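K.L.:
After the sequence you'll find the predicted model.
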Amino acid sequence: MGGSGGGGECITRSSHVMEGGGSLESYRYFLSRRTVLQMLNDRGYAVPNSELTRSLTEFRFTFGDKCDLESLRLCLPLRSNPSKKMLVVYLGTEEIRTQAIRGLYGQILNKEALHGLILILQSNMNTFARKEVLKFPFKVEIFYITDLLVNVTKHILQPKHEVLSAGERDKLMKKYKIEGKQVTILVKQ
């Protein structure tokens with residue numbers, strides 16, 4: 001896979017695309033969905049291990065080579081508070097307009113209580129639709145599918161981030177002679 005430390009093949013020429021005679025489209029959905037699942041798992045949502053370890057072949061067997069966007073939807077509970085759920089929705093390839101956002105809101109309004117929504121776009125969302133998203137009663141995150149093809153947090157060049165204790169923070173700040181307002185350092189509670 002490209003983006004995993006240099007020398008990788010371009011996604012359009014990757015041997016994974018043609019695995020089992022599949023399409024580039026299904027490969028993009030596979031990669032983006034895997035990244036979203038990893039992201040939600042890292043954020044503390046209850047992602048089944050079978051979803052995290054699903055291969056491209058298994059993905060294509062389950063969702064087909066021409067994926068139905070509705071079947072890619074996910075609704076996962078927070079491990080620490082199962083009443084808080086995150087919904088993931090893939091939107092189509094046409095420009096996203098206000099009517100589409102209102103329709104989505106109408107679909108999810110009477111469903112389970114949501115804590116958040118992740119929209120995965122394959123095309124642009126116009127200004128009016130973006131304003132409509134702001135009316136949702138919970139946080140809505142918007143990602144373009146192309147930004148999810150590689151999980152940057154799992155990239156070989158991404159430094160490991162750690163939460164420090166108050167003592168570790170003070171030691172680090174003293175070592176580098178920095179003040180609290182110069183850097184954001186999270187401290188364990």
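P.N.:
All right, it came through fine. Since this is a predicted model, take the numbers as computed values, not measurements.

K.L.:
can you pull up the bridge partners for residue 87?
P.N.:
Beta bridges link residue 87 to residue 75, residue 117 when assigned by DSSP bridges.

K.L.:
Tell me which residues touch it, please.
P.N.:
Contacts here follow C-beta atoms under 8 Å, 6 or more residues apart in numbering; on that basis residue 87 touches 73-75, 108, 114, 116-118. (Each C-beta comes from the backbone N, C-alpha and C, glycine too.)

K.L.:
What is the nearest of the residues you listed to residue 146?
P.N.:
residue 118 (15.2 Å; C-beta to C-beta).

K.L.:
what separates the closest one from residue 147, distance-wise?
P.N.:
Per C-beta to C-beta, to the nearest Å, residue 118 is found 12 Å from residue 147.

K.L.:
From the neighbour counts alone, determine which of these two ranks first.
P.N.:
residue 118 (19 against 13; other C-beta atoms under 10 Å).

K.L.:
Are we agreed that residue 93 is in a helix?
P.N.:
No. Going by DSSP: H, G, I helix; E, B strand; the rest coil, the assignment for residue 93 is coil, not a helix.

K.L.:
Disregarding residues adjacent in the polypeptide, which is nearest to the residue positioned nearest the centre of the chain?
P.N.:
Nearest residue to the geometric centre of the chain (C-alpha atoms, centre = their mean): residue 36, 2.9 Å. For residue 36, ignoring the flanking residues on the chain, the nearest one in space by C-beta to C-beta, 6 or more residues apart in numbering is residue 88 at 5.6 Å.
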